[in-house]
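> sharing a model that was predicted from the sequence below.
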There are 2 protein chains.
Amino acid sequence: MKELKDRILRDGQVLDNGILKVDGFVNHQVDAALMDSCGKEFARRFANVGATKVLTAEISGIAPALTTAFHLGLPVVYARKTKPVTMPDQVYLTLAPSHTKGRMVELIVSPEYLTGKEKVLIIDDFLASGATILGLVRLAEAAGAKVVGIGTLIEKAFEGGRDALKYLNLPVESLARIASMDGGKITFQ
Amino acid sequence: MKELKDRILRDGQVLDNGILKVDGFVNHQVDAALMDSCGKEFARRFANVGATKVLTAEISGIAPALTTAFHLGLPVVYARKTKPVTMPDQVYLTLAPSHTKGRMVELIVSPEYLTGKEKVLIIDDFLASGATILGLVRLAEAAGAKVVGIGTLIEKAFEGGRDALKYLNLPVESLARIASMDGGKITFQ
């Protein structure tokens, strides 16, 4: 998606630790119009997968998942990383590594909002190693729901996430696929 | 706003601890269409305050702040509760109590995205005691920015937040003002 790729080239920063910083339009400051465009594009690409619910992980998945859900006319559930007092005692919980936090985090979904009848479209900001996405897949499976598609804004293709998701045999769509960030230079596939 | 009030009456739950659970459409599962309507309504009410940026707190402020920002044609910044590795060492940081977590949490904004030139519209899900909103006000003030308005989806009018914000002399708009939840029965003002 050209609009997102252009923005990454303009405002994305490759940090020393191999992290792509997109805090100016995705992760801390969010470009609402760009997120809407991305949501519209996901809705177009996943128009025919029969999704009944969008699933993402807090925090930075919320913006693209919300706009995707809006354009598909669906609700969105975001997995929590801490269990709020409003959640029932019995929950679906899994662990996933957080790239930006440098530790394992919990992903928690209430059975109230994810049931065995759902067809789940997973949306997140990044596809890197695929670990967070696989955590969301486990939550959906724990609920007996069926995952029907996976969409991410930015794929770091050199981190192997797409291969890790291959066994799922599902459509995986990324709006910007980065082939390399060597020497701080971003090259798209 | 009738659409939101009707939804609160239908799907909101008053818990024993005085918490209004709206996890089915605001806080864990989000009704994307409803959030869009709320954002549109905030944009209408704050059309003339001259805002240049929307400011909110992760996590549950993100959805209404994003849709508000979209309809105002502005970017949105969400204060982080943990400092990601992508953030510079020097940040604006304040503490605010979390009602649903039962402890103090940090609210952190990077100086990269909040400067002295900004006119800030604060949007959040709840106005209860006003403590989170006041935390966001302190962050904006620390940056030298000017707060021009405050909007929340749901105001628990009996918790005194509006009075706590009075000294700011700013427009405060809530889309659903709850006068009482006594005996688990929700009454709007």
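Looks like it arrived, so ask away.
> against which helices or strands is the top strand by length along chain A packed?
As assigned by DSSP state E, the longest strand anywhere in chain A is strand A:146-156. Packed against strand A:146-156 by the contact rule (3 or more CB pairs under 8 Å, 6 or more residues apart in numbering or on different chains; DSSP states H and E) you find helix A:2-11, helix A:32-45, helix A:62-72, strand A:119-127, helix A:131-142, helix A:161-165, strand A:172-180. (Glycine included, C-beta is placed from N, CA and C.)
> could you check the angle that strand makes with strand A:119-127?
Following axes from the mean of the first three to the mean of the last three CA atoms, to 10 degrees, one obtains 10 degrees for the angle between strand A:146-156 and strand A:119-127.
> quick check, central residue of chain A?
Taking CA atoms, centre = their mean, the centroid of chain A lies closest to A:Asp124, which sits 1.0 Å from it.
> OK, contacts around that one?
A:56-57, A:60-61, A:64-65, A:132-133, A:136, A:151-153 (CB atoms under 8 Å, 6 or more residues apart in numbering or on different chains).
> so how many other residues sit close to A:Lys185?
9 (other CB atoms under 10 Å in any protein chain shown).
> next one: phi and psi at it?
As for A:Lys185, its main-chain torsions (degrees, to the nearest 10) stand at phi -100, psi 120.
> name the nearest residue to it, ignoring sequence neighbours.
What sits nearest to A:Lys185 in space, not counting adjacent residues and going by CB to CB, 6 or more residues apart in numbering or on different chains, is A:Val14, at 7.7 Å.
> spit out the contact partners of that neighbour.
Counting by CB under 8 Å, 6+ apart, A:Val14 touches A:20-21, A:181, A:184-186.
> now with 6 Å?
Under the criterion of CB atoms under 6 Å, 6 or more residues apart in numbering or on different chains, the neighbours of A:Val14 are A:20, A:181, A:184.
> what of A:Lys146?
A:Lys119.
> what is it paired to in the beta sheet?
Counting by DSSP bridges, A:Lys146 is bridged to A:Lys119.
> get me the contact residues on chain A for chain B.
When proximity is defined as CB under 6 Å from any CB of the partner chain, chain A approaches chain B at A:21, A:23, A:28-32, A:36, A:58-59, A:62-63, A:66, A:69-70, A:75-77, A:84-86, A:100, A:110, A:113.
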